[in-house]
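# Provided below for reference: sequence and predicted model.
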2 protein chains.
Amino acid sequence: MLECRAQKATIIERMTYCLAIKVDAGLVFAADSRTNAGVDYISTYRKMHVFGVSGERLIVLLASGNLATTQAVLNAIQRDLEDPSAPESLNTFHYLFDAAHYIGQISQRVQAEYREPLKEDKISPEASFILGGQIHGRDPNIYMIYPQGNYISASNDKPYLQVGETKYGKPILDRIIRPNTSLEDAARCALVSIDSTMRANISVGPPVEVAIYQRDELELRRNVTLDYETPMFREMQKRWNEGLRRAFDRLPRFDWEK
Amino acid sequence: MLECRAQKATIIERMTYCLAIKVDAGLVFAADSRTNAGVDYISTYRKMHVFGVSGERLIVLLASGNLATTQAVLNAIQRDLEDPSAPESLNTFHYLFDAAHYIGQISQRVQAEYREPLKEDKISPEASFILGGQIHGRDPNIYMIYPQGNYISASNDKPYLQVGETKYGKPILDRIIRPNTSLEDAARCALVSIDSTMRANISVGPPVEVAIYQRDELELRRNVTLDYETPMFREMQKRWNEGLRRAFDRLPRFDWEK
């Protein structure tokens, strides 16, 4: 029984929530840390991974999906970064979309290796990624890499990308995020979006990681991890709840109530 | 080409949004009216249907899914109501859960008839329903009838049921709805929930129907249809947007902002 549980844990599935926001001032990345293999086996793994060379490039990767797949992708990224003879690595690309393509290819390779053995147990090897950052001399951008390996970037009309359990936290992003939103407001909006998702879906949970990248800094200077015990996060949840209640109480009455 | 479109329209699919709320004071039902066969063919059909005998029973049925299936179910309900020799009808049951069972059975029968011919075109015959109301001498209740015909009722911990595109509009229900919420507040919350869904998903759209049933009235006295032009609905959207913005602006600052 214990062995069976251990195997279940190694092929853990992650329905969780990651998002990235692109505003004029830079980028915001946020992710929960909940990992589960069914609701009876829940643990936490970091989903935010930071790469780059200070002053030259910054790349942030958010991972969602099958944990074995996302870890294998990260292992391959690491090996290429440390191998001087590797034909390419996150430190060699001139464009962020080439980095997105590279991760999509690795992800496809890993998934192909385990698809058949996992199929028997009806477990999906799929993983999704958000990649964002900036390479010196170019604009910052964010990309979503689908489980099939192809990828899209954010647009001015939809300046954010989400993977995992995306729907509960989408309405607040649509209402708040604009190209001229400040980085700190975008980060607060990401926190509210994750908080709404955590309330609705037990497979999304704290701690929450938030990274704020200011355009042209080419390194990550603001990176916080928030737990239910973190005063700022607790205060944010309390004020948001009160603010929603106040907004609700001010809604117009029906004709017959007047 | 026109004939092809007409057939596409008859086997229209409905991903839309209906919900019912059960509070101590009674029940609230709400539904959008958007129907689509792909985003290039959008029309409106009522999804809320009211049955009963004044002073004896009230039954409200919300329908979501394949339009041909939901219409066939409604046709069968109507025939049984008008046929004195029918073994059972919505007017004969002593319990609401028997009415839920009856609709689940009809839905299964209709789906079975069209499953094979629809399979070729990868169209699902599935439909979901919410049934609610009150039968004289018993408590009001609401039931969700799954596409497979089985059904569940609401509980005190989760005093609402949703079918269709449910996730965007769930967070506000979780925050506001309690057993002692007033019927009008529950109706306003349903409107906010539908409005959030309409903003996120083009297949959910106005007009919006809302029905308010007060416990023990045994007939439906409050029933409104709201469009974007309806002043109350427009004012509600405006105030909710402003209230959310105000709540957002009052969220705590990060340490480095102070």
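In hand now; what should we look at?
# Can you point out the buried residues in the helix or strand harbouring A:L118?
Using DSSP states H and E, A:L118 maps to helix A:96-119. The neighbour-count check on helix A:96-119 (16 or more other CB atoms under 10 Å in any protein chain shown) flags A:96, A:99-104, A:106-108, A:110-111, A:114, A:118 as buried. In short, each C-beta sits where N, CA and C put it, glycine included.
# where's A:I194, which helix or strand?
helix A:183-200.
# Please name every helix or strand in contact with the next helix or strand along the chain from that helix.
Next helix or strand after helix A:183-200 toward the C-terminus (DSSP H and E): strand A:208-214. Here strand A:208-214 touches strand A:26-31, strand A:48-53, strand A:57-65, strand A:127-135, helix A:183-200, strand A:222-226, going by 3 or more CB pairs under 8 Å, 6 or more residues apart in numbering or on different chains; DSSP states H and E.
# avg pLDDT for strand A:208-214?
Here strand A:208-214 scores 95 as its mean pLDDT.
# Okay, angle between that strand and strand A:57-65 too, please.
150 degrees (axes from the mean of the first three to the mean of the last three CA atoms, to 10 degrees).
# got the CA coordinates for strand A:208-214 in PDB?
Taking C-alpha atoms only, strand A:208-214 is exported to PDB below (Å, rounded to 0.1, in the frame of the first residue of the first chain):
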ATOM      1  CA  VAL A 208       2.100  31.900  -3.300                       C
ATOM      2  CA  GLU A 209       5.100  33.200  -5.100                       C
ATOM      3  CA  VAL A 210       5.100  36.500  -6.800                       C
ATOM      4  CA  ALA A 211       8.000  38.000  -8.900                       C
ATOM      5  CA  ILE A 212       8.000  41.500 -10.200                       C
ATOM      6  CA  TYR A 213      10.300  42.300 -13.100                       C
ATOM      7  CA  GLN A 214      11.000  45.900 -14.000                       C
END
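# which residues are in contact with that strand?
A:25-33, A:46-48, A:50, A:58, A:60, A:132-134, A:140, A:183-184, A:186-187, A:190-191, A:194, A:220-227, A:233 (CB atoms under 8 Å, 6 or more residues apart in numbering or on different chains).
# Out of those residues, which are close to chain B?
A:E184, A:A187, A:R222, A:V224 (CB under 8 Å from any CB of the partner chain).
# In contact with the second one: list those residues for me.
Each residue near A:A187 by CB under 8 Å, 6+ apart is listed here: A:V28, A:A30, A:V210, A:I212, B:F254.
# got a markdown table for those residues, with neighbour count and distance to B:E88 too?
Below are the contacts of A:A187 laid out as a markdown table (neighbours: other CB atoms under 10 Å in any protein chain shown; distance: CB to CB, whole Å):
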| residue | neighbour count | distance to B:E88 |
| --- | --- | --- |
| A:V28 | 30 | 58 |
| A:A30 | 29 | 54 |
| A:V210 | 22 | 57 |
| A:I212 | 24 | 63 |
| B:F254 | 16 | 63 |
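# tell me the two of those that are most distant?
Greatest spacing in the contacts of A:A187, by CB to CB: A:A30 and B:F254 (12.9 Å).
# A:P252 falls within a helix, correct?
No: assigned with DSSP: H, G, I helix; E, B strand; the rest coil, A:P252 falls outside any helix and is coil.
# what does chain A have sitting close to chain B?
A:167-168, A:170-172, A:174-176, A:184-185, A:187-189, A:192, A:196, A:199-200, A:222, A:224, A:232, A:235-236, A:239-248, A:250-257.
# re earlier: may I have the helix holding A:L118 as PDB, with CA atoms only?
This file holds the C-alpha atoms of helix A:96-119, laid out as PDB (Å, rounded to 0.1, in the frame of the first residue of the first chain):
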ATOM      1  CA  LEU A  96      12.500  34.800 -26.100                       C
ATOM      2  CA  PHE A  97      10.300  32.900 -28.600                       C
ATOM      3  CA  ASP A  98      13.300  30.700 -29.500                       C
ATOM      4  CA  ALA A  99      13.500  29.800 -25.800                       C
ATOM      5  CA  ALA A 100       9.700  29.100 -25.800                       C
ATOM      6  CA  HIS A 101      10.200  26.800 -28.800                       C
ATOM      7  CA  TYR A 102      13.100  25.000 -27.100                       C
ATOM      8  CA  ILE A 103      11.100  24.300 -24.000                       C
ATOM      9  CA  GLY A 104       8.200  23.100 -26.100                       C
ATOM     10  CA  GLN A 105      10.500  20.700 -27.800                       C
ATOM     11  CA  ILE A 106      11.900  19.300 -24.600                       C
ATOM     12  CA  SER A 107       8.400  19.000 -23.100                       C
ATOM     13  CA  GLN A 108       7.300  17.000 -26.200                       C
ATOM     14  CA  ARG A 109      10.300  14.700 -25.900                       C
ATOM     15  CA  VAL A 110       9.600  14.000 -22.200                       C
ATOM     16  CA  GLN A 111       5.900  13.400 -22.700                       C
ATOM     17  CA  ALA A 112       6.500  11.100 -25.700                       C
ATOM     18  CA  GLU A 113       8.800   8.900 -23.500                       C
ATOM     19  CA  TYR A 114       6.100   8.300 -20.800                       C
ATOM     20  CA  ARG A 115       2.800   8.600 -22.700                       C
ATOM     21  CA  GLU A 116       2.400   4.900 -23.300                       C
ATOM     22  CA  PRO A 117       3.300   3.600 -19.800                       C
ATOM     23  CA  LEU A 118       1.100   6.300 -18.200                       C
ATOM     24  CA  LYS A 119      -1.800   5.600 -20.500                       C
END
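# from the middle of its chain, how far away would that helix be?
18 Å (CA atoms, centre = their mean, to the nearest Å).
# Report the angle between the helix holding A:I194 and strand A:222-226.
20 degrees.
# Do you know the pLDDT at A:R115?
pLDDT, A:R115: 87.
# so what's it closest to, chain neighbours aside?
A:P125 (5.4 Å; CB to CB, 6 or more residues apart in numbering or on different chains).
# That neighbour contacts A:S107, doesn't it?
No: using CB atoms under 8 Å, A:P125 makes no contact with A:S107, being 9.3 Å away.
# joint contacts of these two?
A:T69.
# Could you count how many residues lie near A:L62?
30 (other CB atoms under 10 Å in any protein chain shown).
# Contact partners for A:R221?
A:I212, A:Q214.
# that older thread, determine the three-state secondary structure at the residue nearest to A:R115.
Classified using three-state DSSP, A:P125 is coil.
# Next up, phi/psi of it, please.
phi -80, psi 10 (degrees, to the nearest 10).
# give the contact list for it.
A:P125 is in contact with A:N66, A:A68, A:T69, A:V110, A:Q111, A:Y114, A:R115, A:L118, counting by CB under 8 Å, 6+ apart.
# Make sure the first one is actually in contact with A:F129.
Put plainly, it is A:N66. No: using CB under 8 Å, A:N66 is not in contact with A:F129, being 11.9 Å away.
# between these two, which one's more packed in?
More crowded of A:N66 and A:F129, by other CB under 10 Å: A:F129, with 28 against 25.
# Tell me what the closest residue to the more buried one other than its chain neighbours is bridged to.
Sequence neighbours aside, A:I145 is the residue nearest to A:F129 in space, at 4.2 Å (criterion: CB to CB, 6+ apart). Beta-bridge partners recorded for A:I145 (DSSP bridges): A:F129, A:Y151.
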